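Chemist: fold the following and give me the result.
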Amino acid sequence: MVDAPPPSYEEVIRAEGAGIENSYPNQSLRSAGSDLRFTFIDFTANCLIEKNKFFKCEYEKFCILIKEANEWLAQNATFAVINCEVLCCQKDGVSLPLQTDKSYQIPQTRTEQNGEVSTEYKYLNLVKFLRVYLRSKNPGEPLEADQIGHTCIQPTNRDKSMPSSYSYYSYDDTLIKFNSTNKACPVEGRINNVERIGLNREKNPEELKQYEDSDKIFHVPLCTMVYYIRGQSADPRIPIENADFIPAVIQNSSCFYFRKHESFTSLMSRIQTWVRTNSFINILNLQTIQVSFNKAKREDVAYDPGYFRTKYTLKPYVRFIRIYFTRTFDAEPRPDFTISCRTFLPALQSRTAKGRSPTFETMSSLLRREIFPFLQYNSKAKIINAETLPYLYKAKVDDMQSYTGDSEVYAYISCIRIFFEGLVTEPPPGYIPLSNHPRIYEDAEECCLL
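Modeler: The predicted model follows:
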């Protein structure tokens with residue numbers, strides 16, 4: 001039986017005045033009552049022109065997704081936005097709907113012939129969609145519906161005489177531009193979260209098609225997307241800043257297959273130390289970012305746009321953590337708090353076999369089976385933000401690097417990572433229902449607890 005996904009925009013809008021209780025096909029969301037600490041809803045674009053070739057298809061623009069999200073929120077004012085995120089869904093075939101509830105993506109294979117030698121490469125045809133993470137509003141919060149605003153800032157091209165070139169100024173340039181513009185002409189609301197995303201080759205943030213290839217390295221244009229909640233108070237004089245935590249090389253080698261980087265758990269320990277020594281800051285959100293594996297040892301790896309890789313890259317990468325924050329001007333420092341996180345992996349339903357790819361439980365099934373019970377057990381920890389991360393099949397969650405070969409890219413598994421303000425701990429055995437399916441790997445490090 002296929003699990004029902006979280007409610008779509010269409011399902012809610014067509015409810016014709018029915019309450020949110022009746023618009024949720026997901027029984028877990030209905031039974032959660034009014035105190036729902038975490039869920040998400042996806043907004044996908046309609047295909048305007050369907051073609052056999054992916055590059056010739058045309059989709060609605062990104063602004064339509066924001067509009068649909070706001071229409072949904074207007075009818076469901078009891079929900080507050082935790083954060084927003086741009087993700088990708090695989091385009092499987094002509095006229096097939098995008099399956100955002102599917103937790104895995106299988107790269108397709110193409111073969112190139114060079115004389116008598118044939119070489120196989122992997123590729124992904126992807127379409128972007130908007131995921132909005134939500135929670136029930138607390139007593140005393142505004143009764144007005146949250147409304148999302150967004151602005152996209154692209155880095156400045158170094159060579160203005162060649163607009164099609166891919167040479168950009170540092171990543172710092174985008175935040176400087178936003179802070180300067182926001183001071184002169186403030187956004188109409190409170191900044192909610194920031195993310196760094198890749199664009200298509202046309203460099204248009206409104207376009208939703210994305211292509212990944214294991215053979216070709218595309219110069220991925222990028223932008224900084226700032227989301228804000230309209231109407232809520234904010235001080236435009238306070239600039240957005242960021243702090244980057246790059247995993248150190250703990251085992252160097254001339255062969256990159258043997259190079260080892262610092263683990264995610266170790267990186268989170270460094271982040272915790274940094275937070276404790278910066279008492280006058282307000283954390284907006286944390287983001288996991290990919291960069292080229294070959295460039296990961298460079299000091300400017302987090303700032304040179306040319307080193308950036310998308311979430312779904314089929315090339316070797318290293319991940320690092322970026323914290324977006326603003327400074328406070330309170331007379332007293334905020335109390336010390338712990339930042340912790342938990343990464344939730346979809347259960348494996350069937351392993352790889354000859355002629356068959358692995359399959360995994362849906363995202364809504366993961367939400368009900370594991371995330372809801374975990375949050376219930378850790379009810380005192382406040383959610384900072386969430387993100388959905390694709391992990392290569394059999395990769396360990398604690399690894400911050402991937403150097404898989406093309407032949408090993410069986411699947412990308414979408415995992416949900418939640419960052420908390422406060423300590424979270426693992427529930428006792430039996431608290432979270434066990435999956436009837438085998439684990440992705442036996443020695444998985446699923447939890448990062450500090």
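Chemist: wait, doesn't N179 sit right on V226?
Modeler: No. The pair N179 / V226 is not scored as a contact, 10.2 Å apart, by C-beta atoms under 8 Å. C-beta: built from backbone N, CA, C; applies to glycine.
Chemist: of these two, who's got more company?
Modeler: V226 (23 against 17; other C-beta atoms under 10 Å).
Chemist: now for N179 and V226: what residues contact both?
Modeler: Shared contacts of N179 and V226, defined by C-beta atoms under 8 Å, 6 or more residues apart in numbering, are found at I240.
Chemist: sec struct for P346, please.
Modeler: coil (DSSP: H, G, I helix; E, B strand; the rest coil).
Chemist: now A145
Modeler: coil.
Chemist: same question, I321
Modeler: Criterion first, three-state DSSP; result for I321: strand.
Chemist: could you list everything it pairs with in the sheet?
Modeler: Under DSSP bridges, the beta-bridge partners of I321 are F245, T288.
Chemist: for it, the count of nearby residues, please.
Modeler: Using other C-beta under 10 Å: I321 sits among 21 other residues.
Chemist: state whether it and Q272 are indeed in contact, as I suppose.
Modeler: No. Contact criterion C-beta under 8 Å: I321 and Q272 do not qualify, at 11.5 Å.
Chemist: what is the neighbour count of the residue nearest to V275 when sequence neighbours are not counted?
Modeler: Leaving out its chain neighbours, the residue that sits closest to V275 by C-beta to C-beta, 6 or more residues apart in numbering is I339, at 5.6 Å. I339 has 21 neighbouring residues, counting by other C-beta under 10 Å.
Chemist: list the contacts of I339.
Modeler: 268, 271-272, 275, 283, 286, 384, 419-421, 450.
Chemist: which of those are buried?
Modeler: 268, 271, 275, 283, 286, 384, 419-420 (16 or more other C-beta atoms under 10 Å).
Chemist: need phi/psi at M268.
Modeler: When read as degrees, to the nearest 10, the backbone of M268 gives phi -60, psi -30.
Chemist: and it, how far from S340?
Modeler: For M268, the distance to S340 equals 8 Å [C-beta to C-beta, to the nearest Å].
Chemist: next one: N125
Modeler: Distance from N125 to S340, by C-beta to C-beta: 37 Å.
Chemist: neighbour count: those two, which is higher?
Modeler: Per other C-beta under 10 Å, whichever of N125 and S340 has more neighbours is S340, with 22 against 19.
Chemist: any idea which helix or strand carries that one?
Modeler: Assigned by DSSP states H and E, S340 belongs to strand 339-344.
Chemist: which helices and strands does the helix or strand following that strand pack with?
Modeler: Under the assignment DSSP H and E, the closest C-terminal helix or strand after strand 339-344 is strand 348-350. Here strand 348-350 touches strand 359-360, going by 3 or more C-beta pairs under 8 Å, 6 or more residues apart in numbering; DSSP states H and E.
Chemist: any idea of the mean pLDDT in the following helix or strand past the strand it packs on?
Modeler: The first helix or strand that comes after strand 359-360 along the chain, using DSSP H and E, is helix 363-366. Helix 363-366 comes out with an average pLDDT of 94.
Chemist: and the strand holding S340, which strands flank it?
Modeler: Here, using DSSP bridges, strand 339-344 pairs with strand 412-421 (antiparallel), strand 447-448 (antiparallel).
Chemist: most packed of those?
Modeler: Mean neighbour count (mean count of other C-beta atoms under 10 Å) peaks for strand 412-421 among the strands paired with strand 339-344, with a mean of 22.
Chemist: return the distance of that strand from the chain's centre.
Modeler: Put simply, strand 412-421 sits 8 Å off its chain's centre (C-alpha atoms, centre = their mean, to the nearest Å).
Chemist: what about the strands in the stretch 101-250 of the chain?
Modeler: According to DSSP state E, counting those that start in this stretch, the stretch 101-250 of the chain carries its strands in the segments 104-105, 108-114, 117-136, 148-153, 189-198, 209-213, 222-230, 241-245, 249-251.
Chemist: how about those strands in JSON lines, adding distance to T359?
Modeler: Shown next, in JSON lines, are these (distance: least, C-beta to C-beta, whole Å):
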{"stretch": "strand 104-105", "distance to T359": "7"}
{"stretch": "strand 108-114", "distance to T359": "16"}
{"stretch": "strand 117-136", "distance to T359": "17"}
{"stretch": "strand 148-153", "distance to T359": "33"}
{"stretch": "strand 189-198", "distance to T359": "27"}
{"stretch": "strand 209-213", "distance to T359": "21"}
{"stretch": "strand 222-230", "distance to T359": "32"}
{"stretch": "strand 241-245", "distance to T359": "34"}
{"stretch": "strand 249-251", "distance to T359": "34"}
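Chemist: tell me which of these lies nearest to L345.
Modeler: Nearest of these to L345, taken as C-beta to C-beta: strand 104-105 at 10.9 Å.
Chemist: show me what contacts the closest residue to Y59 other than its chain neighbours?
Modeler: In this structure, Y59 finds its nearest non-sequential neighbour in A45, 4.3 Å apart by C-beta to C-beta, 6+ apart. A45 is in contact with 59-62, 64-65, 127-129, 208, counting by C-beta under 8 Å, 6+ apart.
Chemist: quick one: A45 is in a helix?
Modeler: No. Under three-state DSSP, A45 sits outside any helix and is assigned coil.
Chemist: quick one on the thing from earlier: P346: which of the contacts of A45 is nearest?
Modeler: F129 (17.8 Å).
Chemist: what distance do you get for that closest one to A184?
Modeler: Distance of F129 to A184, given as C-beta to C-beta: 33 Å.
Chemist: more neighbours, the two?
Modeler: Higher neighbour count among F129 and A184: F129, with 20 against 8, using other C-beta under 10 Å.
Chemist: so that one touches K91, yeah?
Modeler: No. Judged on C-beta under 8 Å, F129 makes no contact with K91 at a distance of 11.3 Å.
Chemist: overlap in contacts, the two.
Modeler: L98.
Chemist: contacting residues for C63?
Modeler: By C-beta under 8 Å, 6+ apart, C63 lies in contact with E206.
Chemist: in the helix or strand where it lies, what counts as buried?
Modeler: Assigned by DSSP H and E, C63 falls within helix 62-75. The neighbour-count check on helix 62-75 (16+ other C-beta under 10 Å) flags 62, 64-66, 68-73, 75 as buried.
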